[in-house]
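*Asks:* A predicted structure for the sequence below; I have some questions about it.
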Amino acid sequence: MKGLLRSLSVLAPLVLALASVAHGQGTRLWTQSDLTQLEKGTPDGVELRSDGQLRQGAGVTALATTPSTYVWSVAVDKAGLIYAGTGSPATILRINTKEALSKQPAKPFTLFETKDLTVQALRLGPDGNLYAALLPSGRVLRLNPAATAKIDETAATVVFDPTKVEGAKTTAHSHYVWDLTFDAQGRLYIATGDPAAVYRVELSKPNAKPEEFFKTDEAHVRSLAWDAKGNLIAGTDGSGLVYRIDPSGKGYVLFEAPRREVTSVAVAADGTIYAACVGDKTRISLPPLPVAPGSINIVQPGSLAAANSSASLPDGSEIYALAEGQAPRKLWAQKDEIVYALLPRADGLMALTGNHGHVLRIAADGSFADLAHLDAQQVLSLVSAGDHLILGTGNTGRLFAFGAAEKHEYASQVFDAGALARFGRVEIEPGAKEFQILTRTGNLAQPARGWADWQLLKDGVVASPAGRYLQWKAVLNAGGVLANVGVNYLPVNAAPVVDDVIAVPGARWSGSGSVGGGQQTISIAFSQPATSPAPITESGATAPLMAAKDRTAVTVRWAAHDDNGDELTFAVYLRGDGESVWRLLKDRITDHAYSFDATQIPDGGYQVKVLASDAPSHTPGDALTAEKISPRFEIDTTPPVVSNLRVGPSPNNRKPALTVSFDAEDASSPIIRAEYSLDAGPWQYMEPVGKLSDARRESYSFPVELPDAKPAEHLLTVRVYDRHDNVGLAKIVIPAEAK
């Protein structure tokens, strides 16, 4: 083990930001060096710190999965029994902690079930009873936690009903109770919303009626906590206020958060008040939470609506530290997290978040550690239970124990080398200690499907066989520290692929991609089938290539890619019909198009071949090539020939009409069009004798009406075109006596 550590420690210093080498050539380095990268892996009893370090941490044990979607609140009694207040459906469940830890998963006992939507808050009172706040009725019930049969809703004692509070007006909308707490005298405090207030109930007095202890013009009082002087700390929704409420019920605003909702307040042993806040004050909060048909919608604060809808709030959460005599200090902020609960401890501030199911510990300097990734979208509630914290989650509603871990392992995300690769030395940042690293490789993206077994490094080098995919695992011993892990690898060279080749006669590409003003253009595009097994991956390959129209040139265009990302060069070859040898036109081309002069090549049918090579990225012995041949095309730069041009009398000897006839022939392609002009006048189309112009030789005969006026003689010009726009011309002078 010590030898392994020594072999790893000598590999620094590192430039870990470089994850690959330019042009894909040579050995590459895959690194995981910061929290964003590490969070893509799987920790088990390992802390992921904001500075990129891995350290030993607590473990997470699944205790129970509830039938509900959310566990909004948890409480634990002295005997270690857990009580979970859930939503959708709304129940109170009882779980034996020891039993759950030894027999997983535990089967919860349903202590209470209600027609309300949610058991929003749950607290064990100093009198030994269980107090539950329900939504949307807004009632607070007192229950016997030791009941052996499910408590009927009608048998529970109502200690708070918002419709029966003195001065309250009965309304059709929902009522809200967000938090419960007890003071040193055992009195119950109830945080409500719409209207926002804190009510107090003297539980020691029989049939005591709730009294309004504190009222604010905010929308909701969301969270409660006590300071050491017996003041009640309250966070609100609306303007994001943190109040300090003295024992007489007088409130003083300690802090106005930049966010609209204070989701949680907590007071540390040194008196520091922590407040988590969410929501942009300039934006409208999320829509009401939909409930069953016929029920009343609950218009919740944004954080809870986000949990219910599995959405996230804009700009995430912020946590502020409020210390006596000091300005409020932003301690922590994340744009994609919502903080649902806080718990100050000696080792830092615990924060439960969504919508990624994280448990965080935040230090006084703002650095933090990601302690756990729970199998749920939100971590909503927590309570201390001896050596463990009990955590309740949402989406799905589960219970977890967070405490001492039997093992401390971290498995990285699966790395895709892009092709079969050989893996080499593992680089570790100096200062790492008390750890082991193992690796495993495979050729499928899922490690469970036919991968090699985990293997320890051998002298700091990956011992796993070559594969396309790799995963590393760190095992931390007592005091173990690990950071900035880099794995060297060399992809086994894969041959390049030429995806498509086309040759277009009559087009000239300049290399700059621009065509001069006044020139006719030709768009050269691939006609690749949608079902092609080798899609064109070269950047810009499918965009049309613009070339100038030029019958004396041929433009070849191709698309190619290399799975290793290697730099490629190309060679273009030409072969005519009936030939067996490919003749090189140009090599060492780095563009993906090439034009050549067609006038230097005899007319006829041809094909071009494009050969791709990854030689610039490899030693000569390791370079690979690939080729593709274009469809057949024709080169024809020779104009057709006009012969036997003559003038004779019209068939009926009618004057001044004459009959003109001639033959036209092309060596390579059909004659497609013929025209004549009299005395340099406009060109007039004419058809061949057989009407259809489809042969390399055509004959023409047509009448021409000569004008009576002078000149005495006339000039007749004919021109013919072949398929490749080559033109042949001839002329004849018609003397005066021909009239």
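*Replies:* Structure received.

*Asks:* mind listing the strands for the stretch 401-550 of the chain?
*Replies:* With DSSP state E, counting those that start in this stretch, the ranges of strands along the stretch 401-550 of the chain come out as 409-411, 415-428, 433-442, 455-456, 467-483, 485-491, 497-508, 521-524, 545-561.

*Asks:* Partner strands of the last one, with direction?
*Replies:* For strand 545-561, the paired strands and their directions (DSSP bridges) are strand 497-508 (antiparallel), strand 521-524 (antiparallel), strand 593-597 (antiparallel).

*Asks:* quick revisit: so which of the strands of the stretch 401-550 of the chain comes closest to P43?
*Replies:* In terms of C-beta to C-beta, the element of the strands of the stretch 401-550 of the chain nearest to P43 is strand 409-411, at 5.0 Å. Glycine gets a C-beta too; all of them are placed from N, C-alpha and C.

*Asks:* which residues are contacting that closest one?
*Replies:* The contact list for strand 409-411 (C-beta atoms under 8 Å, 6 or more residues apart in numbering) reads 38, 41-46, 48, 54, 471-476, 482.

*Asks:* Buried ones among those?
*Replies:* Neighbour counting over the contacts of strand 409-411 (16 or more other C-beta atoms under 10 Å) leaves 38, 41, 43-46, 48, 54, 471-476, 482 as the buried ones.

*Asks:* picking that back up, most packed of the strands paired with strand 545-561?
*Replies:* Highest mean neighbour count among the strands paired with strand 545-561 (mean count of other C-beta atoms under 10 Å): strand 497-508, with a mean of 22.

*Asks:* The residue nearest to I635 when sequence neighbours are not counted: neighbour count?
*Replies:* Excluding its sequence neighbours, the residue lying closest to I635 (C-beta to C-beta, 6 or more residues apart in numbering) is A598, at 5.0 Å. Other residues near A598 come to 21 when the count uses other C-beta atoms under 10 Å.

*Asks:* likewise L141?
*Replies:* Other residues lying near L141 total 25 when counted by other C-beta under 10 Å.

*Asks:* S204 now?
*Replies:* S204: 11 surrounding residues under other C-beta under 10 Å.

*Asks:* how far away is the residue nearest to it when sequence neighbours are not counted from D459?
*Replies:* In this structure, S204 finds its nearest non-sequential neighbour in G186, 6.2 Å apart by C-beta to C-beta, 6+ apart. Going from G186 to D459 by C-beta to C-beta, to the nearest Å gives 66 Å.

*Asks:* try L54
*Replies:* For L54, the distance to D459 (C-beta to C-beta) stands at 22 Å.

*Asks:* so where's the stretch 501-650 of the chain shaky on pLDDT?
*Replies:* Regions of the stretch 501-650 of the chain meeting the criterion pLDDT under 70 cover residues 512-518, 528-542.

*Asks:* what's across from Y199 in the sheet?
*Replies:* Bridge pairing for Y199 - DSSP bridges - gives I190, E212.

*Asks:* Let me see the confidence value for it.
*Replies:* pLDDT for Y199: 96.

*Asks:* Count the residues that sit near it.
*Replies:* Neighbours of Y199 under the rule other C-beta under 10 Å: 22.

*Asks:* how about it, what does it touch?
*Replies:* Contact analysis of Y199 by C-beta under 8 Å, 6+ apart lists F160, V165, Y189, I190, T192, P210, E211, E212, F213.

*Asks:* hang on, E47 is in a helix, isn't it?
*Replies:* No: E47: not assigned to a helix; according to DSSP: H, G, I helix; E, B strand; the rest coil it is strand.

*Asks:* burial measure for it, as a count.
*Replies:* Neighbour count for E47, taken as other C-beta under 10 Å: 21.

*Asks:* now swap in G681 and tell me
*Replies:* Look at G681: counted by other C-beta under 10 Å, it has 10 neighbours.

*Asks:* Can you tell me the SS state at it?
*Replies:* Following three-state DSSP, we place G681 in the coil state.

*Asks:* ok now do R94, which residues does it touch?
*Replies:* For R94, counting by C-beta under 8 Å, 6+ apart, the contacting residues are L81, I82, Y83, A84, P108, F109, L111, P145.

*Asks:* what do you get for R345?
*Replies:* Counting by C-beta under 8 Å, 6+ apart, R345 touches R361.

*Asks:* In terms of helices and strands, where is E99?
*Replies:* For E99, the host element (DSSP states H and E) is helix 97-102.

*Asks:* Tell me the first helix or strand C-terminal of that helix.
*Replies:* Scanning forward in sequence from helix 97-102 by DSSP H and E, the next helix or strand is strand 109-113.

*Asks:* in that next one, what counts as buried?
*Replies:* Residues of strand 109-113 classed as buried by neighbour count (16+ other C-beta under 10 Å): T110, L111, F112, E113.

*Asks:* the inter-axis angle of the following helix or strand past it versus strand 109-113?
*Replies:* Downstream of strand 109-113, the first helix or strand assigned by DSSP H and E is strand 118-124. Counting by axes from the mean of the first three to the mean of the last three C-alpha atoms, to 10 degrees, strand 118-124 lies at 110 degrees to strand 109-113.

*Asks:* residues making contact with the helix or strand just after strand 118-124?
*Replies:* The first helix or strand that comes after strand 118-124 along the chain, using DSSP H and E, is strand 130-135. Defining contact as C-beta under 8 Å, 6+ apart, one finds that strand 130-135 is touched by 75, 83, 85, 87, 90, 92, 111-112, 114, 116-125, 139-145, 159, 174-180, 188, 190, 298.

*Asks:* Let me know the average pLDDT across strand 130-135.
*Replies:* Rounded to a whole number, the mean pLDDT of strand 130-135 is 96.

*Asks:* helices or strands up against the next helix or strand after it?
*Replies:* Sequence-wise, the next helix or strand downstream of strand 130-135 (DSSP H and E) is strand 140-143. For strand 140-143, the packing partners by 3 or more C-beta pairs under 8 Å, 6 or more residues apart in numbering; DSSP states H and E come out as strand 109-113, strand 130-135, strand 157-160.

*Asks:* how about 7 Å then?
*Replies:* Here strand 140-143 touches strand 130-135, strand 157-160, going by 3 or more C-beta pairs under 7 Å, 6 or more residues apart in numbering; DSSP states H and E.

*Asks:* what domains does the record give for the chain?
*Replies:* For the chain, automatic domain parsing gives the domain ranges 2-55+411-491, 63-261+269-336, 497-635, 641-738.

*Asks:* quick one, strands of the stretch 551-700 of the chain?
*Replies:* Here the stretch 551-700 of the chain has its strands, by DSSP E, counting those that start in this stretch, at 569-576, 583-589, 593-597, 604-613, 625-629, 633-635, 641-649, 657-665, 671-678, 684-686, 697-705.

*Asks:* could you check the angle strand 604-613 makes with the fifth one?
*Replies:* I take that to be strand 625-629. Taking the same axes, to 10 degrees, strand 625-629 and strand 604-613 form an angle of 160 degrees between their directions.

*Asks:* cool, and the second one?
*Replies:* Direction vectors for strand 583-589 and strand 604-613, defined by the same axes, to 10 degrees, enclose an angle of 30 degrees.

*Asks:* Neighbouring strands - and their directions - for strand 583-589?
*Replies:* Counting by DSSP bridges, the strands paired with strand 583-589 are strand 569-576 (antiparallel).

*Asks:* From the chain's centroid, how far away is stretch 372-383?
*Replies:* What separates the centre of stretch 372-383 from the centre of its chain is 23 Å, taken as C-alpha atoms, centre = their mean, to the nearest Å.
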